[in-house]
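Engineer: I need the structure of the sequence given here:
(2 chains)
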Amino acid sequence: MNQYFHSIRIDTEKCDGRMKCLRVCPTRAIRVRNGKAVIIEEKCIDCGECITVCPHGAIVPLTDPFGELTKFRHTVAVPSPALYAQFGREILPEKILSGIKKLGFDHAFDLAITCGEVSFAIQEYLREYKGPKPLISNVCPTIVRLIQVKYPSLIDQVIPIDTPRELAAREIKKKKSKQLALKEKEIGTFYLTPCPAKMISIKQPAEKGKSHIDGAISISDIYAPLLSAMEGIEKGSYRKALESICILGIGWAMVGGICRTLRLKNSLAVSGLGEVLKVFDDIERGKLRNIDFIEAYSCTQGCVGGSLTVENLYISYNKILKLIETLEFEQIKACPDIREVRKLYRQEYFFITGKLEPRPLKPLDKDLAKAIKKRKEKEDIYESLPKIDCGACGAPTCLIFAEDVVRGDAELTDCIFNLPQRYKELSQEFSELFNKSAFLGQTKSRAKKTSKKGKVIK
Amino acid sequence: MMMKNENGLSHQFEITGGDFSNAGRTSTSIKEILQEIGIDSSIVVRAAIASYEAEMNVVMYARRAMLTLSITPEKLHLKLEDEGPGIESVDLAMEEGFSTATDEMREMGFGAGMGLPNIKKNADKFEISSIPGKGTTLDIIICLDKTEEK
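Structural biologist: Numbers count the residues shown, from 1 in each chain, chains lettered A, B, ... in the order given. Take a look at the predicted model:
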């Protein structure tokens, strides 16, 4: 079995090695070998960028099929608040939750309420916290993995309050099993997820504990059936539907949603992996010590930008924003009871049980002297390469290729430019072909093809 | 740029004064090199902070500089040689809170007078020499061999 579980898989039937994923992968975890993309398990942080760019849908998120529901006596859907952002402005969470029940779940749980509770819990934690700042939100599993892999020194700054989805699932199992006189394992909790990354946090929690969620169903898979399920639902009172929305929790679907609930003087919300990297570099340099809390998301605009969502991420972001504005304007401030949350907080209800450990990448060599030597070799190899990052060798850049060679994962001869010998052979072959007048017509068309390909590569 | 060094690895980075948009790149590159060869993350962070502060000093005050990173299995050496105004009083500059930063720099979050003291704090050995009107040279050494740690 592999050491790391990943929520994405490459369908080798569909993959034709177009290299789009190769270039977009932020941790350089993809190579093309024998014309097919492969993922380097150790480097992948499950951000899902590759899923979005693949022109053939060959990168498949490993979410659960609907059939999983039958394995349980009682099933509860726990939709990410990002689901609420997928439909038009007149469709409020209440209706969406009723729609989900019509799809075959016994119950649909409003996660926004738990999000609101966790907002309060984070407030409590921040008040008592005396360690290095800023504290970092753990709500995005990709960000947690990024920290484990690339910023191990920031691990202690990741907030140890469990995520709303986990807390909700734990509570549901506890309550429902009592209510229905069932075992906890007979209650199935299903997270409706905006991204594949949540899947890894369920199958292989970063803290090595066990997840309380039994499965994750992609929002994009549930979208169409949900849309038709909602058609027949009677329109209730708009005002009443508004009143059931937790104003603290609803914003967790988008970047900035947590910060706005914490009432801090100095907090920061950042989204998009590239931007997150810049901010984390600054944290490591000690530049952002005056900031108390950072929420960071791998996807642009937060969970509404997840690769398994349907609606345009700016439109869904805007829907949530407008909903919050409406709630504020109407002075509807439904939220959990803060005294209750404080009581639970003191009972350690919100804390994560496992400990987050670093997961540094394998160095070039375990022995430092050898690693230094290999690093030098890598540079020598890199100097000999064309540095045009064509990708034909299967690595995203010449520099990464040089590293692959040093690590023994690739051969120097995999570089088509680094092959004077092979060039000679090839040119000889070509000239022989050209000389054979009988094949002239054929070679012409072939030559044309190759030059076309050559351009594409560049 | 890579340099030949028999015992270890050497790298040179050019830093341009006033180039705020690229500030931080050198220290990020250094961090990546150190992570790749498997240096302990606490040391990587110290080197990243020290090189970042040194880099920022050049960006804010000097015209240009060359930062040389040399790594052997025993130690990590950062040598920074800049062309710039130099430092009038090195002793004063080493005091926490002393800074000649302009209001604009302070507005950007720099100039807290922690740069040089911060480098010293993160180094095992730190030397600074400066000629006013010409430039400043920094030598930052971080031990890698655990037996040599102070």
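Engineer: now the residue of chain B found nearest chain A, nearest residue through space, not along the chain?
Structural biologist: Chain A sits closest to residue B:38 of chain B, with a gap of 2.5 Å, by CB to the nearest CB. For glycine as for every other residue, the C-beta is placed from the backbone atoms N, C-alpha and C. Closest residue to residue B:38 apart from its sequence neighbours, by CB to CB, 6 or more residues apart in numbering or on different chains: residue A:363 at 2.5 Å.
Engineer: next: residue A:261.
Structural biologist: residue A:119 (4.0 Å).
Engineer: for the one you found, helix, strand, or coil?
Structural biologist: helix (DSSP: H, G, I helix; E, B strand; the rest coil).
Engineer: and it, how many neighbours?
Structural biologist: Residues near residue A:119, counting by other CB atoms under 10 Å in any protein chain shown, number 27.
Engineer: residues in contact with it?
Structural biologist: Contacts for residue A:119 were tallied using CB atoms under 8 Å, 6 or more residues apart in numbering or on different chains; they are A:248, A:249, A:252, A:258, A:261, A:262.
Engineer: where's it relative to chain B, distance?
Structural biologist: Distance, residue A:119 to chain B, using CB to the nearest CB, to the nearest Å: 28 Å.
Engineer: list phi and psi for the residue nearest to residue A:109 when sequence neighbours are not counted.
Structural biologist: Nearest residue to residue A:109 in three dimensions, chain neighbours excluded: residue A:78, at 4.9 Å (CB to CB, 6+ apart). With angles defined as degrees, to the nearest 10, residue A:78 sits at phi -120, psi 90.
Engineer: repeat for residue A:158
Structural biologist: Residue torsions, per degrees, to the nearest 10, at residue A:158 are phi -80, psi 130.
Engineer: what's the answer for residue A:82, then?
Structural biologist: Residue A:82 adopts backbone torsions of phi -60, psi -20, taken as degrees, to the nearest 10.
Engineer: for residue 26, what are its contacts?
Structural biologist: Using chain A. A:45, A:47, A:49, A:273, A:274, A:277.
Engineer: meant chain B actually
Structural biologist: B:13, B:15, B:51, B:55, B:67.
Engineer: quickly find the element holding it.
Structural biologist: Element membership for residue B:26, per DSSP states H and E: helix B:25-36.
Engineer: on that earlier part again, for the contacts of residue A:119, work out which two are farthest apart.
Structural biologist: A:249 and A:262 (12.9 Å; CB to CB).
Engineer: so those two - more neighbours on which side?
Structural biologist: Between residue A:249 and residue A:262, counted using other CB under 10 Å, residue A:249 has the larger neighbour count: 27 against 16.
Engineer: so that one makes contact with residue A:112?
Structural biologist: Yes. Using CB atoms under 8 Å as the test, residue A:249 is close enough to residue A:112 to be in contact (3.2 Å).
Engineer: list residues touching both of those two?
Structural biologist: Both residue A:249 and residue A:112 are in contact with residue A:81, where contact means CB under 8 Å, 6+ apart.
Engineer: what's whichever residue of the stretch 251-400 of chain A sits closest to chain B in contact with, if anything?
Structural biologist: Of all residues in the stretch 251-400 of chain A, residue A:363 sits closest to chain B, at 2.5 Å by CB to the nearest CB. Contacts for residue A:363 (CB under 8 Å, 6+ apart) come out as A:371, B:35, B:36, B:37, B:38.
Engineer: pLDDT value on it, please?
Structural biologist: We have a pLDDT of 91 for residue A:363.
Engineer: cool, and residue A:19?
Structural biologist: In this model, residue A:19 carries a pLDDT of 91.
Engineer: just residue B:28 next, same as before
Structural biologist: 91.
Engineer: can you check residue A:50 too?
Structural biologist: According to the model, residue A:50 scores 90 on pLDDT.
Engineer: quick check, it in contact with residue A:57.
Structural biologist: No. Shown here, residue A:50 and residue A:57 do not form a contact pair, counting by CB under 8 Å, at 11.3 Å.
Engineer: okay, these two: which has more neighbours?
Structural biologist: Per other CB under 10 Å, whichever of residue A:50 and residue A:57 has more neighbours is residue A:50, with 26 against 10.
Engineer: and the one helix or strand residue A:116 maps to, how far out from the chain middle?
Structural biologist: Take DSSP H and E as the rule and residue A:116 turns out to sit in helix A:111-128. A distance of 22 Å separates the centroid of the chain from that of helix A:111-128, by CA atoms, centre = their mean, to the nearest Å.
Engineer: so what pairs up with residue A:216 in the strands?
Structural biologist: residue A:191 (DSSP bridges).
Engineer: so who does it touch?
Structural biologist: A:63, A:64, A:190, A:191, A:192, A:193, A:198, A:199, A:202.
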